[in-house]
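*Asks:* Would you be able to build a 3D model of this:
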Amino acid sequence: MIRRVVNIIAAGCAVFFIAFFIRHFICDTKNYSYDVNEFEYSEENVQSPETILRKGNYVIHVSYSAKEDVLYVAWADTSYENYGTAARGNNRTLDIPVCLASDTTAFYFKFMCPGQDILRLHSVDIEADTFMYTDDLFFCVLCVAAFGAVVVLGGRWRSMRPVQKQVIGILAIGFAVASVIDYEPIVRFGTDIRVHLLRIEGIKDGILDGQFPVILFPNAFNGHGEIGCMYPSVFLYPSAILRLMGVSLLTCYKTMQFMVTASTLVITYVATRYICIDERTCAVISLLYTLFPYRMYVMGFSSSSLGRGISMIFFPLVVAGLYTIFEKEENWSILAFGVTGALWSHILNFVIVLLFLLFVCLVWLKKLNKKKLILLMKAMLVSFLVSLGVIVPFIRYYFSGLNLGYLQFDIYDKLFSLKEFMVSPWNLTAFFYIFCAAVIFFKNRLWKNGIKGYVFCLVIIMTIFYMCTTAFPWYIALRLQGLDKLLSTFQNLKRFYYIVSYLIPLMTCFIILDMCNEKRKKTIWTVVLVLAAVIGSVPPCQDYFKCEELMDRVTGYTDHEQMEYLPEGTVQEYYRSNAVILSDEENIEGKNYRKTGSQIDFDYTSAVQNAYIELPVFYYVGYAASDQDGKPYRIEKGDRNHVRIYLDETDEFQHVHLEFHVSRIFQAAVGFSALICAVFLGRWIYYRV
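*Replies:* Model prediction:
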């Protein structure tokens, strides 16, 4: 009876929330009001914030006062440009029509006058003929799913064991605290935030361009294009699909943030269960790892959640996989899941995982018998095969001549000084965990039960701490030819906190909780560790909240110049202009020029042989040009790394179609990876059931 009542109440609430959202939010997403204080006033113009708009028709309503006639221009990437004049007068109104043939993250309009001396804006509104975003419909779906989960959980709550309820409570606390940085309806200007926002947008644009897998982000860098397969983006396709459905870029990013946090908690708990029997201990380890200051820094101030943050989901699986292979000689699939997840999300973290695996195998070389070696080889082979769709494009374009020199950083500049090391919030929390573990360890004389595992973890932790300080003799290593370049590729050796962020909670909770037999003491220590984790997460959150506002659902500066994945030698001047360059302007005539994604079409006549045209797109392997009959034109890399097409001599207008084609080898690699992945998952599910 009680369960029926709960179900009815939940269903009623779901219907109410759906009606509420539709009535009060969806109906209002056709209009947006700018804050006129956010307009940029300069000596040359008055410019609006950059605006994220979907394909469609818009009208910008401007209320203003002007001392003289003012020219305005509305612009969106390379797809739209419109000019007009705002007449002089007080309290005038102006309607600017805008028609966008494609989505854009960089629409803006500006008035060509010297700031407030000539023009004063009273209000600016933008009206759309369709929904500017479909966030609220998406929220309705999430509400229904959430209520469904609550109903299911409520039905099973009474039959759960007390420890299971405690686990849910601990994980819920971890999720609530770790997600504090995502409760705001804005995105703040973290270090790498624009990189990841444009990865989502780039995948969406690539799908619209007909690419699969997406290799080129066609609208990046002022429409010149950027290679997008150098940063694994498998887990960003769901966000890109949401963008295709009209969900705002902000909501897509926030959704990924919540999903990454929830996945970290759940997968860490599941992975740790392979190592530890006690469920509550596993839940506390999961919470400590999720709230570890380095991870909170990655999710917040660094804003690397869609790269390093996703990768951190899988490191506990790597540790659990190694444990099951070396200690139980079984279940190689756990390690395969962990390594694959790291490779699918972040290349440098994947390299760190490989170094960790190599170190463990060398230390435990005496334990590495034939059976364990076969299990390791199975895990690595499956990870390799299911990742071919990521590996093959990466290798192909890694050696295609990109600006990879921009990836090189001086690691010495980013190391901790000894003073910084001792007072860093990252380390203070870690020191507290280690201190508590040491007190319990020596007080209870736990070395009698064997200390090899603890010593192993402690050696790795202290080695990484030492590596990240200026006390480590890196100046010797940096003098070795080749090694300096390899180390500079890591950019920042603090990336190795990727390892200690999990090993410290694992070791601490094993010593304090798993070895504690008294229920009362175990509860006290659980509360102490949870409080310490919550307090330790505060400084990274504070650093994030000090950052400026970057964007809301409609406006925000998302442009970012990630030069490393452009053709080698490219500088800013190469993509500032969208001018088409003709080798002989007197003898070449062109018309009907249009660009959509990577595709460019135009008609031409040429009175001379060997004439060429250079288009405002960067040349990458994969571009091909043809005429109206499918006959190919010769193309090559021209000046400023642009695509150069050699034209035929003709008196009649001929058509040229340029398009980026995804190699069939890449598509075959993705297909093969998907097949192996399906077989692997099928086998895993079969044996689990």
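*Asks:* Now name the helix or strand holding the closest residue to residue 134 other than its chain neighbours.
*Replies:* Taking C-beta to C-beta, 6 or more residues apart in numbering as the measure, residue 134 lies nearest to residue 246, with 3.8 Å between them; neighbours along the chain are not counted. The way it works is simple: take the backbone N, C-alpha and C, and place the C-beta from them, glycine included. In this structure, residue 246 sits in neither a helix nor a strand according to DSSP states H and E.
*Asks:* Near residue 246, how many other residues are there?
*Replies:* Neighbour count for residue 246, taken as other C-beta atoms under 10 Å: 18.
*Asks:* check contacts around it.
*Replies:* Contacts for residue 246 (C-beta atoms under 8 Å, 6 or more residues apart in numbering) come out as 54, 131, 133, 134.
*Asks:* Repeat that for residue 71.
*Replies:* 83, 84, 85, 86, 111, 112, 113 are the contacts of residue 71 under C-beta under 8 Å, 6+ apart.
*Asks:* Residue 245 too?
*Replies:* Taking C-beta under 8 Å, 6+ apart, one finds 134, 138 in contact with residue 245.
*Asks:* Now the residue most central in space within the chain: closest residue in space, sequence neighbours ignored.
*Replies:* For the chain, the residue nearest the mean C-alpha position is residue 306 (2.5 Å; C-alpha atoms, centre = their mean). Residue nearest to residue 306 in three dimensions, not counting chain neighbours: residue 196, with 4.1 Å by C-beta to C-beta, 6+ apart.
*Asks:* Please work out how many residues are found near the one you found.
*Replies:* 23.
*Asks:* If you count contacts, what does the strand or helix carrying it end up packed against?
*Replies:* Counting by DSSP H and E, the element that carries residue 196 is helix 193-208. Counting contacts by 3 or more C-beta pairs under 8 Å, 6 or more residues apart in numbering; DSSP states H and E, helix 193-208 packs against strand 104-111, strand 216-217, helix 237-244, helix 249-273, strand 549-551.
*Asks:* Try it again at 6 Å.
*Replies:* Contacting helix 193-208 under the criterion 3 or more C-beta pairs under 6 Å, 6 or more residues apart in numbering; DSSP states H and E are the following elements: helix 237-244.
*Asks:* Not counting its own residues, what contacts the helix it packs on?
*Replies:* By C-beta atoms under 6 Å, 6 or more residues apart in numbering, the list of residues contacting helix 237-244 from outside reads 200, 203, 204, 252, 256.
*Asks:* quick one: which two of these are the most distant?
*Replies:* Within the contacts of helix 237-244, two members stand farthest from each other by C-beta to C-beta: 204 and 256, at 13.5 Å.
*Asks:* more crowded one of these two?
*Replies:* Legend: neighbour count by other C-beta under 10 Å for residue 204 and residue 256, higher for residue 204 (25 against 22).
*Asks:* Contact partners for that one?
*Replies:* Contacts of residue 204 were listed using C-beta under 6 Å, 6+ apart, and they are 240, 243, 244.
*Asks:* now swap in residue 420 and tell me
*Replies:* With C-beta under 6 Å, 6+ apart, residue 420 has no contacts at all.
*Asks:* tell me the domain ranges of the protein?
*Replies:* 31-130, 160-398+411-550, 572-664 (the TED database).
*Asks:* closest one to residue 142 among these?
*Replies:* domain 160-398+411-550 (8.3 Å).
*Asks:* where does the stretch 401-550 of the chain dip in pLDDT?
*Replies:* Confidence mapping of the stretch 401-550 of the chain against pLDDT under 70 gives the ranges 445-451, 481-482, 514-517.
*Asks:* Give the residue spans of the protein that score low on pLDDT.
*Replies:* Counting by pLDDT under 70, the chain contains low-confidence residues at 1-29, 78-79, 115, 445-451, 481-482, 514-517, 557-561, 689.
*Asks:* rewinding a little: separation between the residue nearest to residue 306 and residue 232?
*Replies:* According to C-beta to C-beta, to the nearest Å, residue 196 stands 12 Å off from residue 232.
*Asks:* now residue 334
*Replies:* Per C-beta to C-beta, residue 334 is found 21 Å from residue 232.
*Asks:* next one: residue 672
*Replies:* For residue 672, the distance to residue 232 equals 17 Å [C-beta to C-beta].
*Asks:* thought residue 230 was touching residue 566?
*Replies:* No. The pair residue 230 / residue 566 is not scored as a contact, 10.7 Å apart, by C-beta atoms under 6 Å.
*Asks:* Between these two, which is the more surrounded one?
*Replies:* With neighbours defined as other C-beta under 10 Å, residue 230 and residue 566 compare such that residue 566 has more, 24 against 19.
*Asks:* about what we covered before: hey, which of the domains of the chain is tucked in deepest?
*Replies:* With neighbours taken as mean count of other C-beta atoms under 10 Å, the domains of the chain reach their highest mean count in domain 160-398+411-550, at a mean of 19.
*Asks:* I'd like to know how far the closest residue to residue 229 other than its chain neighbours sits from residue 414.
*Replies:* Excluding the flanking residues, the one nearest residue 229 by C-beta to C-beta, 6+ apart is residue 393, at 4.0 Å. Using C-beta to C-beta, one obtains 30 Å as the distance from residue 393 to residue 414.
*Asks:* next one: residue 157
*Replies:* Residue 157 sits 48 Å away from residue 414, going by C-beta to C-beta.
*Asks:* got it, and residue 366?
*Replies:* Shown here: residue 366 relative to residue 414, a distance of 37 Å by C-beta to C-beta.
*Asks:* swap in residue 399?
*Replies:* When distance is defined by C-beta to C-beta, residue 399 is 28 Å away from residue 414.
*Asks:* From the contact counts, what lies against the one helix or strand residue 361 maps to?
*Replies:* The secondary structure element spanning residue 361 is helix 347-363 (assigned by DSSP H and E). Contacting helix 347-363 under the criterion 3+ C-beta pairs under 6 Å, 6+ apart are the following elements: helix 333-345, helix 497-509.
*Asks:* export those helices to CSV and tack on distance to residue 222?
*Replies:* Below are the helices and strands packed on helix 347-363 laid out as CSV (distance: least, C-beta to C-beta, whole Å):
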stretch, distance to residue 222
helix 333-345, 28
helix 497-509, 35
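*Asks:* just the strands in the stretch 301-450 of the chain please.
*Replies:* For the stretch 301-450 of the chain, applying DSSP state E, counting those that start in this stretch gives no strands.
*Asks:* So which of the contacts of residue 204 is the closest to residue 380?
*Replies:* residue 240 (29.5 Å).
*Asks:* so who does the closest residue in space to the closest one that isn't next to it in sequence touch?
*Replies:* With C-beta to C-beta, 6+ apart as the measure, residue 203 is the residue that lies nearest to residue 240, at 3.8 Å, once sequence neighbours are left out. With contacts defined as C-beta under 6 Å, 6+ apart, residue 203 is in contact with 214, 233, 236, 240.
*Asks:* and residue 407, how many residues sit next to it?
*Replies:* With neighbours defined by other C-beta under 10 Å, the count for residue 407 comes to 16.
*Asks:* quick one: contacts for the residue nearest to it when sequence neighbours are not counted?
*Replies:* Once flanking residues are discounted, residue 407 sits nearest to residue 564: 5.0 Å by C-beta to C-beta, 6+ apart. If you count contacts by C-beta under 6 Å, 6+ apart, residue 564 has them with 403, 404, 406, 407.
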